[in-house]
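1. Structure for the following, please:
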Amino acid sequence: MADELSAIFGALADPTRRAMLARLAVGEASVTELAEPFAISLPAISRHLRVLQEAGLVSRRRSGQWRPCRLDAAGLTRADAWMAPYRQFFTERFDRLGDQLAAPNSAAPIPATINPTVPSPAVPNPTGKEDHVGSSS
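-> Just a heads-up that it's a prediction; the model follows:
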């Protein structure tokens, strides 16, 4: 499964291939139709399609002389299944953050270490002596 996921996420890493998948989510398209919005050659589009096919994200069928491409949901389903535990993790974290922000004490000021526009409070000198660094006396 790891090799399948590597191929899927590798295919999704390219913005041209993601745009091609977005187009195919609307419906089947020919290679020429997929190439229209891009300023690249048909052979380059074919190479992108091959990567998407090898990753299991796109399939092609023959209809006479027309070979339409279509989105293959199986590859996206495998990627979605792999991401599901992470989605749950982040959903729980965002829910806890929402609860904290909704709590009555959530209106506390931001500490100066986080907000540089608020001056930090004076830190007492543990020796009890005044620090005259940089003074001329």
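2. Flag the shaky bits of this protein, pLDDT-wise.
-> 1-2, 106-137 (pLDDT under 70).
3. Counting by contacts, list what the longest helix along it packs against.
-> As assigned by DSSP state H, the longest helix anywhere in the chain is helix 73-102. If you count contacts as 3 or more Cβ pairs under 8 Å, 6 or more residues apart in numbering; DSSP states H and E, helix 73-102 packs onto helix 2-12. Placement of C-beta: from N, CA and C, glycine included.
4. which helices and strands does the helix it packs on pack with?
-> On a contact count with 3+ Cβ pairs under 8 Å, 6+ apart, helix 2-12 meets helix 15-26, helix 42-54, helix 73-102.
5. quick one: buried residues of stretch 37-48?
-> Burial within stretch 37-48, assessed by neighbour count using 16 or more other Cβ atoms under 10 Å, is assigned to 45, 48.
6. From start to finish, how long is it in a straight line?
-> 14 Å (Cα to Cα, to the nearest Å).
7. Report the contact partners of the closest residue to residue 4 other than its chain neighbours.
-> The shortest distance from residue 4 to any non-neighbouring residue, by Cβ to Cβ, 6 or more residues apart in numbering, is to residue 78 (6.1 Å). Remark: with contacts taken as Cβ atoms under 8 Å, 6 or more residues apart in numbering, residue 78 is in contact with 1, 4-5, 8, 56.
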